[in-house]
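*Asks:* Sequence below, structure please.
(2 chains)
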Protein chains: 2
Amino acid sequence: MLQSELFTKTRKEGPKDEVARNAQLLIRAGYIHKEMAGVYSFLPLGLRVLNKIVGIIREEMNAIGGQELFLTALQDPAVWKTSGRWSEQVVDNWFKTEIKTGGAAGLGFTHEEPIVRLMKDHIHSYRDLPKFIYQFQTKFRNEERAKSGILRTREFLMKDLYSFARDEKEHAKLYEKVKSAYSRIFNRAGVGRRTFLTFASGGSFSKYSHEFQTVCDAGEDTIYLDEKKEIAVNKEVLAPEVLKELGLKREGLTEKKAVEVGNIFSQGIRFSEPLGLTFKDEAGTEKPVVMGAYGIGPGRLLGAIVELLADKAGLVWPASVAPFQVHLVSLASENGETKSSADALYKKLLDKGVETLYDDRDLRVGEKFADDDLLGLPIRLVVSDKTAKAGKIEFKRRIEDKSELLSEAEVMERVVSL
Amino acid sequence: MLQSELFTKTRKEGPKDEVARNAQLLIRAGYIHKEMAGVYSFLPLGLRVLNKIVGIIREEMNAIGGQELFLTALQDPAVWKTSGRWSEQVVDNWFKTEIKTGGAAGLGFTHEEPIVRLMKDHIHSYRDLPKFIYQFQTKFRNEERAKSGILRTREFLMKDLYSFARDEKEHAKLYEKVKSAYSRIFNRAGVGRRTFLTFASGGSFSKYSHEFQTVCDAGEDTIYLDEKKEIAVNKEVLAPEVLKELGLKREGLTEKKAVEVGNIFSQGIRFSEPLGLTFKDEAGTEKPVVMGAYGIGPGRLLGAIVELLADKAGLVWPASVAPFQVHLVSLASENGETKSSADALYKKLLDKGVETLYDDRDLRVGEKFADDDLLGLPIRLVVSDKTAKAGKIEFKRRIEDKSELLSEAEVMERVVSL
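*Replies:* So this is what the prediction gives:
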């Protein structure tokens, strides 16, 4: 894409009303826009990153046999009353609204109730199980505090996966499949090295749930991490008997701030029983379906990537989620040979399918390089009078300080294999 | 995909609480699920169709230079008060909700106000114009009546495009570009032949707006169509002086029911002026930006396709939006040679990139064919003991009654070029 046509502009200063570093940087770089406290729109560059993250998650959900659907935001009170979760004494972060023709609707903060009701039409027999069903849908949560930028918002995209199994044994297998898929997702998104499986509190149906916690200072959670074993314990369950059970020693754990980028829960029959989601087993006996729920917020994950990888100069994107792989910066002063060779290189990159943002703007080199650092694309290619004269291109990775003069063939080899 | 794994089941009978044919068929076929009146979830097959439609629209929006973003559903009252549209006397279909920490939020029924406020950060000079900005976002409308299935719902996906121009002349060019893009979209989605550019009422800034109306009995709109000239007039502006201006004769027009699948509006400075979206022209004069707004509801378009093309036996999808191109139906009685050749054909289809739903279920032929008709995939391939013995495959198009026995090579040639 031509940067001269991209409608978003960068800013030198971050907005005064933002304390979170992720929001500061993403707003300065034109990736997001704040609509209200805790409510952010995604601008073209931000949406491209979000879609890359969604794409990775979707691939991994499909790989374990997930079937994608798209539930609604508006929620029917009836089904939530049956489960006991319509009450604001039970769920304190509902957004509710009135239907003009009478009655109320909620805005989904999660989707267990509607998906269980829906599955009643489709699950009847043991032959219909097991199943993985997932979606990407906006969730609405009426949060008291919304100060962590896009890490905690009132409206956010969520991938929620639900598993439906015949019994606890089958459920345990599904649960392990998701655990592995989640590790692959966080690895692919570039935060795997600092994301740890974390034991957190369970519920009526399991001793623990599991969180995937990305260690960074902006995190709202506190975890106790065993760096060698690469597992952690959420502060909420830190107790001698838990550590003993998990084979951890308190002195081997370091307290860390972390962002919960994913969570996986065993729900047992918490929802299937009150809502009547049952199946007939091989002997013809009616049994409640055993469920699990598994969430990842792609927007929060995007924010965690920023918090983990950004540096003083701006954003830093792993190639897998970068809005463009290459930032081609032309320093050609006018139309002339240098400009032509930059244009030709842009065309070649596009022909090879390399996602390229081409800074063809008429700005000073300092401004261009400052924008390049701020935007955080993995590779910067510079074409200037000097490089053109030498028949070379300046190649620099965002995460390195040094640049190199390379031939076009060398550049192509490096960027095509990204 | 293996049909035995698809979680949705078809139904013989439509739901009793649905009057609309589109919802009846889509629910029977397991494409959608009704959550509440006017609120429908998309199940895997329905979501695949919806995503195909979205894909077509996105390609055409990008082709005219559209930049995609993703605004929020929650709306800040401040910006709507400035434009005068927060009041329920002015806009009678708001859904509103309360923010826990104080104040209210609306659920976006459209997005002019937030996009204009957003663009104020990015448009300053004539050099920043013109621009096309679009999104796919859920809209919420508190409709009095919701009886047309997915043709009119309280929550629906919408593609909304906004154009920003320096003056009326530039705006007119953008408007024509969108008009052409819309024609391409409806052609590609398979309803072009019965979708007509329709003159409807304008507003303060233009005499007319344009609608794209798909003629079908389920439509809520009444239009007067000149079949030869392929243009129509909405009932709301049918008057002698309008006909004269458009060069139409009343006796040449036929009254038709139609579904408004798209609309395009000139908005002039209706929003840019009160909200202060201005730019400096080449002489340094501050001027309000001239806007247009252009909508297509992918879900409504999906419903219109159903209304227009479905027959007594079920859904009928154009190849461009079908959830799968091919329905491979195995009539193999057991594991054996016929089953193996059906499996092998499935694998070959997947290898060639042909989207295939493989009915590998152990059901009677009548049930399988009834499901095939109901699901409406463009091509049915049948592998049975008989066809396997003859070394052939039975090929049938959903829109034709006759079937043919073809060789595998012939089948491949036909399906790969779909």
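*Asks:* C-alpha from now on. contacts and neighbour counts both.
*Replies:* OK.
*Asks:* Make sure residue A:330 is actually in contact with residue A:385.
*Replies:* No: Residue A:330 is not in contact with residue A:385 according to CA atoms under 8 Å; the separation is 9.4 Å.
*Asks:* of the two, who's got more company?
*Replies:* Ranked by neighbour count (other CA atoms under 10 Å in any protein chain shown), residue A:330 and residue A:385 place residue A:330 first, with 26 against 17.
*Asks:* Can you name the residues bridging to the more buried one?
*Replies:* Assessed by DSSP bridges, residue A:330 has beta-bridge partners residue A:383.
*Asks:* Okay, now the sheet partners of whichever strand in chain A runs longest, with direction.
*Replies:* What stands out as the longest strand in chain A, according to DSSP state E, is strand A:254-268. Strands that pair with strand A:254-268, judged by DSSP bridges, come out as strand A:206-215 (antiparallel), strand A:221-226 (antiparallel), strand A:290-296 (antiparallel).
*Asks:* got the contact list for the residue most central in space within chain A?
*Replies:* Residue closest to the mean C-alpha point of chain A, counted by CA atoms, centre = their mean, is residue A:298 at 2.4 Å. Contacts for residue A:298 (CA atoms under 8 Å, 6 or more residues apart in numbering or on different chains) come out as A:50, A:53-54, A:157-159.
*Asks:* List just the nearest of the residues you listed to residue A:109.
*Replies:* residue A:158 (9.7 Å; CA to CA).
*Asks:* Okay, and the beta partners of the closest one?
*Replies:* Applying DSSP bridges to residue A:158 yields these beta-bridge partners: residue A:137.
*Asks:* what do you get for residue A:132?
*Replies:* With DSSP bridges as the rule, residue A:132 is bridged to residue A:66, residue A:163.
*Asks:* Quick check: it touching residue A:161?
*Replies:* Yes: counting by CA under 8 Å, residue A:132 sits close enough to residue A:161 to count as a contact (6.8 Å).
*Asks:* Quickly list what's touching both of the two.
*Replies:* In contact with both residue A:132 and residue A:161: residue A:66, using CA under 8 Å, 6+ apart.
*Asks:* Relative to chain B, how far out is residue A:353?
*Replies:* Distance of residue A:353 to chain B, computed by CA to the nearest CA, to the nearest Å: 17 Å.
*Asks:* what do you get for residue A:323?
*Replies:* Counting by CA to the nearest CA - residue A:323 and chain B are separated by 13 Å.
*Asks:* Also residue A:104?
*Replies:* For residue A:104, the distance to chain B equals 10 Å [CA to the nearest CA].
*Asks:* tell me, how many neighbours does that residue end up with?
*Replies:* By other CA under 10 Å, neighbour count at residue A:104 equals 15.
*Asks:* Next: residue A:180.
*Replies:* Number of residues near residue A:180 (other CA under 10 Å) recorded here: 12.
*Asks:* contacting residues for it?
*Replies:* Per CA under 8 Å, 6+ apart, neighbours of residue A:180: none.
*Asks:* Top of the contacts of residue A:298 by number of neighbours, please.
*Replies:* With neighbours defined as other CA under 10 Å, the most crowded of these is residue A:53; it has 23 neighbours.
*Asks:* what's the distance between that one and chain B?
*Replies:* 15 Å.
*Asks:* Mind telling me which residue of the stretch 151-300 of chain A is nearest chain B?
*Replies:* Relative to chain B, the nearest point of the stretch 151-300 of chain A is residue A:155 (7.3 Å; CA to the nearest CA).
*Asks:* List the contacts of the nearest residue to that residue once chain neighbours are set aside.
*Replies:* In this structure, residue A:155 finds its nearest non-sequential neighbour in residue A:140, 4.6 Å apart by CA to CA, 6 or more residues apart in numbering or on different chains. Residues in contact with residue A:140 (CA under 8 Å, 6+ apart) are A:94-95, A:107-109, A:154-156.
*Asks:* Also residue A:44?
*Replies:* Residue A:44 sits next to A:8, A:31, B:67-70 when contact means CA under 8 Å, 6+ apart.
*Asks:* Over to residue A:225?
*Replies:* Counting by CA under 8 Å, 6+ apart, residue A:225 has contacts A:231-233, A:253-256.
*Asks:* ok, of these, which come out buried?
*Replies:* A:231-233, A:253, A:256 (16 or more other CA atoms under 10 Å in any protein chain shown).
*Asks:* those helices in chain A, which residues are they?
*Replies:* For chain A, the helices defined by DSSP state H occupy A:21-28, A:44-63, A:77-83, A:112-119, A:168-188, A:240-246, A:272-275, A:298-309, A:337-351, A:365-375, A:385-390, A:408-416.
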